[in-house]
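> Would you be able to build a 3D model of this:
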Amino acid sequence: MAGAAAGQTPDAAQYAQFRNKVRQDMTTIPNYTCLETIERTHREPRARAFKPVDTVRVEVSMVAGKELFAWPGARHFEDRDVTSMVSGGAIGSGMFAMFARSLFVNGNGTRQYGGLDDLDGRAAVRYDFHLTLQESGLRITVGGASETVAAKGSFWFDPVSLDLVRLDVHGEQMPYSLHLAESVFRTDYARAHIGNADALLPKRSELTMAHFSGETNRNAIEFSACREYQSESTIRFDALPATEPQVPKPQVRAVDLPAGLVVPIELNTAIDSKTAAVGDTLHARVVQDVRYKGQLAVPRGALLTGHICRLDRGAAAARFAVGVEFSEVEWEGAHAAFYAELMDLDRKSAGTHKVATYFDGHANKVLIYGDTPGAGFFFMEGRRFRIEPGFDMVWRTLAPAAGADRQPL
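Residues are numbered from 1 along each chain as shown. From the prediction side, this is the model:
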């Protein structure tokens, strides 16, 4: 990548036009939501190649000045960071819109003209920038440590179309508690035709975190299936002719499930390590009536909806760590949020790939551990596994979690 040619000077009018255009582009991003697919890889110290960890799929949007996330197919965006949704590995946020808004809409930081560069065979104007700790809003989470850091980097725009092309961000003054030697993310932008408009949206991003130990985590992120949404509108795809009577929808009552219900279920969805990804939707059904104080609480046949929240292989490549969570349960005329802990698994119906067990001196027990409330985690032996529909699980409901703000998709 070439630097500024000798004698070049910035074109103030051109930059002013770019600034106005990119601000307008950034302010329209909250009108859109995209599918964010994250391919996570890891490199051991002194190793040359990155090895796959897992794939994560989430919906992302910008709502009320925040990046909000949801599992694909969910009804709402949750007011929580993606790091609280995905367990294990390296994960980050801010690539969709957060940092770009801070830089271009809020006008934070200082900038310096960098010249005309050849960016992958395309002429682009470069500016370098720096944001202080107070200006950046860049928060890095590694393991149990989470810190806001200063940032520096560069951005490029097309001198003809004045479109933002690329944004590179480097974390600076990172506290020792993060144990990071380097943290870098790069985002490429492109126009997408959505509805009746052309929107400038992130197309791909790459997040790299290099640790003092020599380990490196890299996330390659693709943004796709972007669409426009409005929180107050309803879209109907099966509109009936005006001459036909409208059939009222049956009323669905909201039910609050008490804590302590033991709910046996079986999966309706297969989980195949070769094709599955974190964020994939899971369906299951309740296999027997669940009662509370003698009264029917959840009937047999009620349908649960959830997602895979973890699917990665340990360093020894001998076991997969699998995490699942179910968020809602529905039956005729009723709907309830489902917040529970995993109690037991069917080790016999996992096929040829068995659920890992340990011996405690008396009996083999399923290896279940819980580091995320409301989700269940277990291990599958082998380099690959497939769990067929019909796999049994037993869950126990917990007291409802503190309600997070939600925004309709």
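
> Give me the most central residue, this structure.
Closest residue to the average C-alpha location of the chain: Val58 at 3.9 Å, with CA atoms, centre = their mean.

> buried residues in the host helix or strand of that one?
Applying DSSP states H and E as the criterion places Val58 in strand 51-63. Using 16 or more other CB atoms under 10 Å as the test for burial, strand 51-63 gives Val53, Asp54, Thr55, Val56, Arg57, Val58, Glu59, Val60, Ser61, Met62, Val63. Bear in mind the C-beta positions are built from the backbone N, C-alpha and C, glycine included.

> for stretch 34-47, same thing?
Cys34, Leu35, Glu36, Thr37, Ile38, Glu39, Arg40, Thr41, His42, Arg43.

> now, which of these lie within strands?
Under the assignment DSSP state E, these contribute Cys34, Leu35, Glu36, Thr37, Ile38, Glu39, Arg40, Thr41, His42, Arg43 to strands.

> Just the endpoints, please. Distance across stretch 291-305?
By CA to CA, to the nearest Å, the extent of stretch 291-305 from end to end equals 20 Å.

> re the thing from before, other SSEs contacting the strand holding Val58?
strand 32-43, strand 66-70, strand 76-78, strand 303-313 (3 or more CB pairs under 8 Å, 6 or more residues apart in numbering; DSSP states H and E).

> List the neighbouring strands of the first one plus their orientation.
Read it as strand 32-43. Strands adjacent to strand 32-43 in the sheet, as given by DSSP bridges, are strand 51-63 (antiparallel), strand 216-228 (antiparallel).

> Can you show me the CA trace of it as CSV?
Taking Å, rounded to 0.1, in the frame of the first residue of the first chain, the C-alpha atoms of strand 32-43 are listed here in CSV:
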residue,chain,number,x,y,z
TYR,A,32,-31.2,-2.0,8.8
THR,A,33,-30.4,-5.4,10.3
CYS,A,34,-27.9,-7.9,8.9
LEU,A,35,-26.9,-11.5,9.5
GLU,A,36,-23.4,-11.5,11.0
THR,A,37,-21.5,-14.7,10.4
ILE,A,38,-18.3,-15.1,12.4
GLU,A,39,-15.6,-17.7,11.5
ARG,A,40,-13.4,-18.0,14.6
THR,A,41,-9.9,-19.3,14.4
HIS,A,42,-7.0,-19.7,16.8
ARG,A,43,-3.2,-20.0,16.5
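
> domain parsing for the chain?
Per the record, the chain has its domains at 17-228, 253-398, by automatic domain parsing.

> out of the ones you listed, which comes closest to Pro10?
Judged by CB to CB, the one of the domains of the chain that comes nearest to Pro10 is domain 17-228, at 3.7 Å.

> ok so, going back, between the strand holding Val58 and strand 303-313, what angle do the directions make?
Put simply, strand 51-63 runs at 130 degrees to strand 303-313, going by axes from the mean of the first three to the mean of the last three CA atoms, to 10 degrees.

> quick revisit: distance of the residue nearest to the centre of the chain from Gly279?
According to CB to CB, to the nearest Å, Val58 stands 5 Å off from Gly279.

> quick one: common contacting residues for these two?
Shared contacts of Val58 and Gly279, defined by CB atoms under 8 Å, 6 or more residues apart in numbering, are found at Trp71, Pro72.

> Return the set of buried residues in stretch 294-309.
Here stretch 294-309 shows Ala297, Val298, Ala302, Leu304, Thr305, Gly306, His307, Ile308, Cys309 as buried, counting by 16+ other CB under 10 Å.

> Could you report the distance from the residue nearest to Ser177 when sequence neighbours are not counted to Pro159?
The spatial neighbour of Ser177 that comes closest, neighbours along the chain excluded (CB to CB, 6 or more residues apart in numbering), is Ala145 at 4.5 Å. Separation of Ala145 from Pro159 (CB to CB): 41 Å.

> Do a quick rundown of the helices in the stretch 51-200 of the chain.
According to DSSP state H, counting those that start in this stretch, the stretch 51-200 of the chain carries its helices in the segments 98-100, 133-136.

> And the contacts of the first one?
This means helix 98-100. Met26, Met62, Lys66, Glu67, Ser136, Gly137, Leu138, Ala151, Leu164, Leu167, Val169, Thr187.

> which residues does the third one bridge with?
In this structure, Lys66 bridges to Val63 when assessed by DSSP bridges.

> what's around it, how many residues?
18 (other CB atoms under 10 Å).

> shift numbering so it begins at 23
Will do, 23 is the new start, and the previous item becomes Lys88.

> Do you know the pLDDT at it?
For Lys88, the pLDDT comes out at 73.

> what's the spacing between it and Tyr361?
23 Å.

> secondary structure class for the closest residue to Val285 other than its chain neighbours?
Spatial nearest neighbour of Val285, chain neighbours left out: Trp417 (4.8 Å); criterion: CB to CB, 6+ apart. With DSSP: H, G, I helix; E, B strand; the rest coil as the basis, Trp417 sits in strand.

> Does Trp417 touch Ile287 like I think?
Yes: counting by CB atoms under 8 Å, Ile287 is a contact partner of Trp417 at 6.6 Å.

> joint contacts of those two?
Joint contacts of Trp417 and Ile287 (CB under 8 Å, 6+ apart) are Phe348.

> hey, which helix or strand in this protein has the poorest pLDDT?
The helix or strand of the chain with the poorest confidence is strand 379-381; it has a mean of 42 (mean pLDDT, DSSP states H and E).

> Thanks a lot, see you next time.
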